[in-house]
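Colleague: Give me coordinates for this.
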Amino acid sequence: MKLEYFERLSKEGINRGLVVALVKTLAERKRAQVEAIHAGIARLREDLAEYGRAHGGKFVLYGSAVSGRIHYDSDVDIIVDFEEDDVAAAIDFVETTCRRLELKADVQPKSWCKEAFLREIAPNALVIP
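Modeller: As a prediction, this is how the structure comes out:
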């Protein structure tokens, strides 16, 4: 079946080398996904900073999004630190923005976090803005 496909492509004037160049290995696809996640996180940081300044709250990024140890299936860990009346809107903003940037988000309000957890992540966390 595959040989027939390549023969048909050759008959249609498509060079076999071109077809092979269009096929990406799993490693190449994973590498491309990591690059896309890096780019998405850079844009997300800008958007979060703008939203935080405009609405008087903060976002805390932690985990691989801050350490740079991103994998092809990494998510973005975010704590939302806003006044109680503004938390739901801030979470909605994060989820909507991450969906637009094709990022997987793990979002939670700061009020749900134990103090021990916050102390544990603090040394490597990024507070925005």
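Colleague: so where do the strands sit in this protein?
Modeller: With strands called from DSSP state E, the chain shows them at 58-62, 75-81, 104-109, 126-128.
Colleague: for those strands, which one sits closest to Val23?
Modeller: strand 104-109 (26.3 Å; Cβ to Cβ). C-beta coordinates here come from the backbone N, C-alpha and C atoms, glycine included.
Colleague: hmm, who's touching stretch 88-106?
Modeller: Applying Cβ atoms under 8 Å, 6 or more residues apart in numbering, the contact partners of stretch 88-106 are 36-37, 40-41, 43-44, 47-48, 51, 55, 57, 59, 73-78, 80, 82, 107, 109.
Colleague: Tell me which residue is most central in the chain.
Modeller: Nearest to the mean C-alpha position of the chain, by Cα atoms, centre = their mean, lies Leu103 at 3.3 Å.
Colleague: quick one: that residue and Lys30, what's the gap?
Modeller: For Leu103, the distance to Lys30 under the criterion Cβ to Cβ, to the nearest Å works out to 16 Å.
Colleague: How about Ala105: what's its closest non-neighbour residue?
Modeller: Using Cβ to Cβ, 6 or more residues apart in numbering and skipping the chain neighbours, the partner closest in space to Ala105 is Cys98 (3.8 Å).
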